[in-house]
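>>> Sequence below, structure please.
(3 chains)
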Amino acid sequence: MIASGLRFGGVAALLALGIVFPLVFTNPAVTSDAIYTLIFVAAASAWNTFSGYSGYISLGHAVFFGSGAYLTGIATLDWGLTGSQVFLLLPLAGLVGAIIAVPFGLIALRVRRHTFVVITIAIFFIFQLMAYNLQSLTGGTSGLLAPTVNFAAATYNNPFYYAALVIAVAAVAVSWLIRRSRFGLQLRAIRDDEDRARGLGVRTMRVKLGAFVISAVPVAMVGGLSWYFTGLIDPSSGFDPLFDVAVALMAFLGGLGTVAGPVLGALIIEPAQQYFQGQVSAGYLFLMLYGALFLVVILVLPRGVIPTAAEQIGKWRDKRREGDGGLAGHRLAAAGAAPDRAKELA
Amino acid sequence: MSQLPQAITDGILGGAVYALMAAGLTLIFGVMDIINIAQGILVVLAAYLSYALSVHLHIDPLLGLLITVPAMFAVGAAIEWAFMRRLRGRERTAMSLLVSYAVAVVIEGALYQVFGANDVAIQAPYVNSGVHVLGFDLPYIYLIGAGLAVVAFAAIYLLLYRTTFGRSVRATMQDKVAARLIGINVNRVAAITFGIGVGVTAAGGMVFGATNAFSPNSGYDLISRLLSIVILGGLGSIGGAAAAALFMVTAEEVVNIWQPVWATAVYYAVLVIVLLVRPVGIFGKPEARSS
Amino acid sequence: MTMTEAATAPSASPAPLLRTESVSKAFGGVQALSGASIEVGRGTIAGLIGPNGSGKTTLFNIITGYARADSGQVYLDGRRITNLPPERVFSLGIGRTFQLTRIFPTMTVFENMLIAGQHKERSWNPLARAGGAASRRHAMELLDFVGIARHAGALAQTLSYGQRKLLELAYVLVADPEIVLLDEPAGGVNPSLINTIAGKIRELNAAGKTFLIVEHNMDFVMGLCDRVMVLDYGSVIAAGPPAQVRADPRVLDAYLGTGEDDDAQDGDRGAGHEGA
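Got it, this is the predicted structure:
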């Protein structure tokens, strides 16, 4: 009970911090970093809602990011939208992401494990190739430029920031709702033993496809937002092979399959990336650091920060109880603590 | 219509080099259940090695293989020892994709750091010349590439089927636990196999670098083709990879006559269709059904 | 062979709950089942025995949708269910356990219980929490019934082998299936737990549950089952009450003739041996 109260307080505090952040830190360089961070909070959380819960590692979510970006770009330019109107396109971008996810998922989800990973990569490259080749639609290698935006200079970043915040909060909320739902239970059963889950009445294809489609929506939305904020999309930035590595790294670092893990991972990695990209000469160095960090996380901390920390805290608590109340107390406490701890992983 | 026979010839000669690079990838999978996404960037690394040797030390790229093959072997064995050996558990194949992807990113960053982002190409006397036989254009570099592939395939075949070490490799491919029980040092087999699988990229990289302008970014294009080839051929099947490489590269060359822009899409389209019809690839064995 | 079945077996009950009709299945060149016909009467405990590789697990897999029959039919309560996918077979009322237990290791014991119950919850809201109050209570009662309720909050992977068997039995019961197929419930379990498991099966049977059990432990089968069927080389060679089957010379032949696993005390625990 105390733990859940603490958690509620923590989430409320984090949300409040998110809301007042651009009012406190008005430096555009800082809010710009914050926008990209929120974009990745949303993307990593959505990726984890599918890949983390179901165990199907997707390296093709950049398809949704790029499609959302191109859709928003094409629609904005075709319809001559300006200013805040463009934000209204983002739900449409999410819808298009969901629509693309259906055939994508129906093809890819027929196979499992590494074959699934490979087929997501292949489909990703098909989309990248389309972005290069469908020049009348995508502008080919030169890409699509966003129109100049006439927001007031002092608070120029704020609309982008709050749009990113809304998408990120929604993505995390959906992830949390799914984690505690029947649907989430089925997804995790698929991760543990898909055939057995089928044998217990879980309609696995429907469940996997549902999660895949749901996870595509926020990714496509932040793709659209990213186009508008950055001002440009081209095939290599829209369909970036590093995108999926980035979101996977964030989820793995924080804790794959947990709600808070990808959020924490994005909060650690994206600001660091922005900082390094700011240092002009360090761009390539950062690429190396990025890969190296991923290697360290997977090999040293494969379960991620949050589950590992939860386990350590649990051990430490047990130890303290042992010191306080002797062995009998410890046993009781352990029996009571187990469900708690299992829930804390969530 | 004379384009068609020429395209098929180009496809078979070019395909031989892809067959070699794909054979390395599929050999690694067969022995260790590891998919080495870094294979693409390792080809590029090998190409840069050949390039650097020829530009700075004036060593002919073909002669340079005496240096680059052992160097790439060492790189492969080191990657196995440092990272792949540490992967355990049910999802190790999927995890190996992520780990080797991360390795690829590190190498890509290092190549950018050292060589920059501009395209380069390997120069040698035999790169831009060739012979005319029966109306076919046969560039020397393609002939050299095909020749290298044949030699490498023969060497791998002899190693696998005529040596004690090869017996250990094949035993490990069939059953790791049993191989360990009969006293095979599986770790050593894994490191050497990874070394061989990556070592072939030295020859592949040399030919690739001589026939294409390349940059550190070229690894993605390569790995996406190689992955399509090995999946199509059935993961773990060396013969399947070779056949699939010849087929795919030839198909690309043929499509290239009519649709130059979409020719690369052939790889992904064929891959998706094959996986829909037969998820284990054309030459792959069906996985044992879990009861 | 089916003729001998008809001759020796007094029909289990007027309308059997589960029936297979000449089911055949080949894996590559190996004929795992050739015309296997079995019947399980409603409310009975039926045993399915036979030497290693005689096709018992393959028949289980075909009944429950984990493998496809090459020919033949499967009926549940008169309804044809041949080659339906596993999730359909389960929702129609056939639950099963596996030779090597299959639980969901990274989920809690209680969550394991909720998975099997969820298909009955007709809700259009996919984000609804798993398990209403009633099904949660039911899940706890079943955990209590098999005696592992105190581990409800622990991750299933922390359970001992025997506890996993009990968990698998309990979560199959959650959905209240008409018939439960148990694949070697006593395999690899210590004697006192074997007695516990036998007791639970009897108790459930007394409450009306039907069972079909594959087991190598002859004492367990003979002591528990109302009717025993013997598979050999993929067909039924004998069926009837335990005492009768035990005395049947063909059964002795089948077991002794194979030469390897005659006493059949410990089952083929090697993974997939039978399935192959």
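>>> From the contact counts, what lies against the host helix or strand of A:Leu185?
Using DSSP states H and E, A:Leu185 sits within helix A:182-199. Counting by 3 or more Cβ pairs under 8 Å, 6 or more residues apart in numbering or on different chains; DSSP states H and E, the packing neighbours recorded for helix A:182-199 are helix A:53-54, helix A:204-230, helix C:86-92, helix C:109-117. Every C-beta, even on glycine, is put in place using the N, C-alpha and C of the backbone.
>>> Flag every buried residue along that helix.
A:182-194, A:196-199 (16 or more other Cβ atoms under 10 Å in any protein chain shown).
>>> what is the mean pLDDT for that helix?
For helix A:182-199, the mean pLDDT works out to 90.
>>> Convert the C-alpha atoms of that helix to CSV, please.
Output in CSV follows, covering the C-alpha atoms of helix A:182-199 (Å, rounded to 0.1, in the frame of the first residue of the first chain):
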residue,chain,number,x,y,z
ARG,A,182,-6.0,-9.5,-19.7
PHE,A,183,-4.5,-8.6,-23.1
GLY,A,184,-1.1,-8.0,-21.4
LEU,A,185,-1.3,-11.3,-19.6
GLN,A,186,-1.8,-13.1,-23.0
LEU,A,187,1.1,-11.2,-24.5
ARG,A,188,3.4,-12.3,-21.7
ALA,A,189,2.1,-15.8,-22.0
ILE,A,190,3.1,-15.8,-25.6
ARG,A,191,6.6,-14.6,-24.7
ASP,A,192,7.0,-17.5,-22.2
ASP,A,193,5.5,-20.3,-24.3
GLU,A,194,3.4,-19.4,-27.4
ASP,A,195,2.3,-22.9,-28.2
ARG,A,196,1.2,-23.6,-24.7
ALA,A,197,-0.7,-20.3,-24.6
ARG,A,198,-2.6,-21.4,-27.7
GLY,A,199,-3.4,-24.7,-26.0
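>>> Please convert the helices and strands packed on helix A:182-199 to a markdown table, extending it with mean pLDDT and mean neighbour count.
Output for the helices and strands packed on helix A:182-199, formatted as a markdown table (pLDDT from 0 to 100; neighbours: other Cβ atoms under 10 Å in any protein chain shown):
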| stretch | mean pLDDT | mean neighbour count |
| --- | --- | --- |
| helix A:53-54 | 94 | 26 |
| helix A:204-230 | 94 | 26 |
| helix C:86-92 | 87 | 20 |
| helix C:109-117 | 85 | 26 |
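>>> low-confidence ranges in the chain?
Using chain A. A:1-2, A:279-283, A:321-346 (pLDDT under 70).
>>> meant chain B actually
B:1-2, B:90-91, B:279-291.
>>> hang on, the earlier thing: could the helices and strands packed on helix A:182-199 go into JSON lines alongside distance to B:Arg180?
Below are the helices and strands packed on helix A:182-199 laid out as JSON lines (distance: least, Cβ to Cβ, whole Å):
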{"stretch": "helix A:53-54", "distance to B:Arg180": "33"}
{"stretch": "helix A:204-230", "distance to B:Arg180": "34"}
{"stretch": "helix C:86-92", "distance to B:Arg180": "35"}
{"stretch": "helix C:109-117", "distance to B:Arg180": "33"}
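>>> can you put the ones you listed in a markdown table and add distance to chain B?
Putting those into a markdown table (distance: least, Cβ to the nearest Cβ, whole Å) gives the following:
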| stretch | distance to chain B |
| --- | --- |
| helix A:53-54 | 12 |
| helix A:204-230 | 14 |
| helix C:86-92 | 12 |
| helix C:109-117 | 18 |
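>>> who wins for proximity to A:Pro159 among those?
Comparing the helices and strands packed on helix A:182-199 by their distance to A:Pro159 (Cβ to Cβ), the top pick is helix A:204-230, with 9.5 Å.
>>> tell me the angle that closest one makes with helix A:182-199.
140 degrees (axes from the mean of the first three to the mean of the last three Cα atoms, to 10 degrees).
>>> what does the stretch 101-250 of chain A put close to chain C?
For the stretch 101-250 of chain A, the contact set with chain C under Cβ under 8 Å from any Cβ of the partner chain comprises A:177-178, A:180-186, A:188-189, A:191-193, A:195-204, A:210.
>>> and if we set it to 10 Å?
A:174, A:176-178, A:180-186, A:188-193, A:195-207, A:210-211, A:214 (Cβ under 10 Å from any Cβ of the partner chain).
>>> in which helix or strand would I find C:Arg102?
Residue-wise, C:Arg102 maps onto no helix or strand under DSSP H and E.
>>> So what's the residue count around it?
Number of residues near C:Arg102 (other Cβ atoms under 10 Å in any protein chain shown) recorded here: 20.
>>> same thing with C:Ser71?
Residues contacting C:Ser71 under the criterion other Cβ under 10 Å number 14.
>>> From B:Tyr51, how far off is the closest residue in space to B:Ala121 that isn't next to it in sequence?
Once flanking residues are discounted, B:Ala121 sits nearest to B:Ala213: 4.7 Å by Cβ to Cβ, 6 or more residues apart in numbering or on different chains. Computed as Cβ to Cβ, to the nearest Å, the B:Ala213 to B:Tyr51 distance reads 11 Å.
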